[in-house]
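S.K.: can you look at this prediction? I've put the sequence above it.
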There are 2 protein chains.
Amino acid sequence: MTVTGFEANRARVIGIAAELFARNGYHGTGIAELGKAAGLGRGALYHYIGSKEAVLYAISKEQVDKMNGFAEELLDRNLPAEELLRQMARGLLRNIAEHRAEWAVFFREYTALTGEWRDHVITARERYESYWRQALDQGVRAKVLKSTPRLLVKGILGMLNYTYLWFEPDGELTPDQVADMFLDALIEGIRA
Amino acid sequence: MTVTGFEANRARVIGIAAELFARNGYHGTGIAELGKAAGLGRGALYHYIGSKEAVLYAISKEQVDKMNGFAEELLDRNLPAEELLRQMARGLLRNIAEHRAEWAVFFREYTALTGEWRDHVITARERYESYWRQALDQGVRAKVLKSTPRLLVKGILGMLNYTYLWFEPDGELTPDQVADMFLDALIEGIRA
DNA sequence: TATCCTGTGGATCGTTCGGTCCACAGGAAG
DNA sequence: CTTCCTGTGGACCGAACGATCCACAGGATA
């Protein structure tokens, strides 16, 4: 088995773990259960994962890191504010739609992490929020957006993040359409 | 010990459990831990709670039931649409601010419930969402609000529900102010 | 053939899990 | 005094927990 084989196997196990953790919770999923689902004995399993908490960390960190990279790229491009917000929302919803299990674990189970692992995830999460704040500030400076309370960004993220719970990949709307729906309502308002 | 003493003690234990479940998760909190925090032995503890899952159910159900009752009262009063939405949002945020631990358990841990218990909680949750949809529809019929996609209600609830994670009772804003901030942004829009 | 290394299953570890059971404390009722 | 009932602590149950350890399979290398 080559190095890439090891990494591929580790990724496979982590993906299976994401599904199980999302369905039964982190503490509610046993190592034996994970091993069985992956078709691996205890020894082989630990060969790939190191520890149960390392699996939770990997699941929690990967997607938010990806979104941070995505946001950084967009912010570098100096897009008009509305376009910037729209791209950020679309990117996030596309990712959530594609990795619902991972996001469910990220939102529900990150509190089960301890020590530095927990700190890293919280920091990454805060960083992502700061990118949204930057995007909004940019729109205010360009006089495209009203100056709104700083905490509004929490509301916007709540709106978007919550989709991990209800978005249906085979439903009537694509992730982009959901993102647009939310941003249209938010930017134009819903008053007749 | 009278009947009311029993109920008071049960409520006290459930409140302590809400704090523990919110901090360490349902599966992450042991019965021994709960007993110790409540100052009760195993026998006494089970005398009050029946089972661990019954505690989770009680925590999850109580607040959402309260909000359903609140929403029903408001809908009966035939308020103007904007006022109705504002009152519903304020009521929810006031409740979340007052019962953060319970709402954290409700959002994160309801999946740990099984069978009928789980069904009841999910049904109550869907009922609450339907009240918001009614409120929005009422505004559309009165031509006060634009006709928006049905799924927008998920976004609004995401915005409001997410506060359980970040709202600080001793922070700069009251629950009513947060509710107003979100509704203002949503109704008027954020475009300059 | 002899040696080495990665990958592997399963026995096993001590701990903790949710839950049951039982003896009994102590006030109320007769 | 006796009987009863609610409330109580803690011993105890089998099962499952996360993790470790070890023997060894089998291809690669010398």
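M.R.: The structure has been received and is ready for your questions.
S.K.: CA only for contacts and neighbour counts going forward, please
M.R.: OK.
S.K.: and whatever helix or strand A:Ala11 lives in, what other elements does it pack with?
M.R.: Assigned by DSSP states H and E, A:Ala11 belongs to helix A:3-24. Counting contacts by 3 or more Cα pairs under 8 Å, 6 or more residues apart in numbering or on different chains; DSSP states H and E, helix A:3-24 is packed against helix A:31-38, helix A:42-49, helix A:52-76, helix A:100-109.
S.K.: which stretch among the ones you listed comes nearest chain B?
M.R.: Among the helices and strands packed on helix A:3-24, the nearest to chain B by Cα to the nearest Cα is helix A:100-109 (5.4 Å).
S.K.: against which helices or strands is whichever helix or strand comes after that closest one packed?
M.R.: Downstream of helix A:100-109, the next assigned helix or strand under DSSP H and E is helix A:115-141. Packing contacts for helix A:115-141, counted by 3+ Cα pairs under 8 Å, 6+ apart, involve helix A:52-76, helix A:81-98, helix A:152-161.
S.K.: what would those helices look like in a markdown table with mean pLDDT and distance to B:Ile96?
M.R.: As requested, these are arranged in a markdown table below (pLDDT from 0 to 100; distance: least, Cα to Cα, whole Å):
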| stretch | mean pLDDT | distance to B:Ile96 |
| --- | --- | --- |
| helix A:52-76 | 97 | 26 |
| helix A:81-98 | 98 | 26 |
| helix A:152-161 | 98 | 14 |
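S.K.: list of residues touching stretch A:38-55?
M.R.: Taking contacts as Cα atoms under 8 Å, 6 or more residues apart in numbering or on different chains, the residues outside stretch A:38-55 that touch it are A:Phe6, A:Asn9, A:Arg10, A:Val13, A:Ile14, A:Ile16, A:Ala17, A:Ile31, A:Ala32, A:Gly35, A:Leu113.
S.K.: tell me how far the closest residue to the fourth one other than its chain neighbours lies from A:Ile14.
M.R.: Spelled out, it's A:Val13. Nearest residue to A:Val13 in three dimensions, chain neighbours excluded: A:Ala38, at 6.1 Å (Cα to Cα, 6 or more residues apart in numbering or on different chains). For A:Ala38, the distance to A:Ile14 (Cα to Cα, to the nearest Å) stands at 9 Å.
S.K.: pick out whichever of these two has more residues nearby.
M.R.: A:Ile14 (23 against 17; other Cα atoms under 10 Å in any protein chain shown).
S.K.: and the residue nearest to A:Val13, how close does it get to DNA strand D?
M.R.: Counting by Cα to the nearest atom of the strand, to the nearest Å, the separation of A:Ala38 from DNA strand D is 14 Å.
S.K.: pLDDT score for that residue?
M.R.: We have a pLDDT of 89 for A:Ala38.
S.K.: repeat that for the one 10 residues further on.
M.R.: At A:Tyr48 the predicted local confidence, pLDDT, stands at 92.
S.K.: make TSV from the helices and strands packed on helix A:3-24 and add distance to B:Leu79 to it.
M.R.: Listed next are the helices and strands packed on helix A:3-24 as TSV, based on distance: least, Cα to Cα, whole Å:
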stretch	distance to B:Leu79
helix A:31-38	53
helix A:42-49	57
helix A:52-76	42
helix A:100-109	36
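S.K.: tell me which of those helices sits most buried.
M.R.: With neighbours defined by mean count of other Cα atoms under 10 Å in any protein chain shown, none of the helices and strands packed on helix A:3-24 is more surrounded on average than helix A:100-109, at a mean of 23.
S.K.: which secondary structure elements does that one contact?
M.R.: Contacts defined by 3+ Cα pairs under 8 Å, 6+ apart place helix A:100-109 against helix A:3-24, helix A:52-76, helix A:163-166.
S.K.: need those in a markdown table (columns: distance to B:Tyr128).
M.R.: Shown next, in a markdown table, are the helices and strands packed on helix A:100-109 (distance: least, Cα to Cα, whole Å):
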| stretch | distance to B:Tyr128 |
| --- | --- |
| helix A:3-24 | 23 |
| helix A:52-76 | 30 |
| helix A:163-166 | 15 |
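S.K.: indicate the residue of chain A located nearest to chain B.
M.R.: Of all residues in chain A, the one sitting closest to chain B is A:Gly189 (3.5 Å; Cα to the nearest Cα).
S.K.: no further questions, thank you.
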